[in-house]
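In: Here is the input, now give the coordinates:
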Amino acid sequence: MITLIATITAKKDAVEEVKAALQNLVKHTTQEPGNIQYVLHQEIENPHIFRFYEQFKDQAAFEYHGEQPYIKAMASNAHLMEKPTVLTFLDLV
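Out: Coordinates of the predicted model:
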């Protein structure tokens, strides 16, 4: 299983637009055959920061996710981001 946290930092004047785009990712990603969890969170103290808790069946499922058109389309929203997305991979201990 692949588990990760994805941190997305929107520009402060683009929070609602980024939030809508990320909610669209949830709608599609949760339908992927290898997806286990894809949960979107928004920080309370810094609402321009979003985090996904993601779990995929295996590396192939994670790679499949990255190739989907709705994921690739997020690149067109780069101008709404304060900085690039940070992926943090996790091991269960």
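In: What backbone torsions are found at residue 85?
Out: Per-residue torsions, residue 85: phi -60, psi 140 (degrees, to the nearest 10).
In: Could I get the buried residue list for the longest helix belonging to the chain?
Out: Longest helix of the chain, by residue count under DSSP state H: helix 15-29. Residues 15, 18, 19, 21, 22, 25, 29 are the ones in helix 15-29 that count as buried (16 or more other CB atoms under 10 Å). C-beta coordinates here come from the backbone N, C-alpha and C atoms, glycine included.
In: what is the mean pLDDT for that helix?
Out: Averaging pLDDT along helix 15-29 gives 98.
In: how about it as CSV, C-alpha atoms only?
Out: What follows is helix 15-29, C-alpha atoms only, in CSV (Å, rounded to 0.1, in the frame of the first residue of the first chain):
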residue,chain,number,x,y,z
VAL,A,15,-8.5,29.8,-1.7
GLU,A,16,-12.1,29.2,-2.9
GLU,A,17,-11.1,28.5,-6.5
VAL,A,18,-8.4,26.0,-5.4
LYS,A,19,-10.8,24.4,-2.9
ALA,A,20,-13.3,23.8,-5.7
ALA,A,21,-10.6,22.3,-7.9
LEU,A,22,-9.4,20.0,-5.1
GLN,A,23,-13.0,18.9,-4.3
ASN,A,24,-13.3,17.9,-8.0
LEU,A,25,-10.2,15.7,-7.6
VAL,A,26,-11.9,14.0,-4.7
LYS,A,27,-15.0,13.3,-6.8
HIS,A,28,-12.9,11.5,-9.5
THR,A,29,-10.1,10.0,-7.5
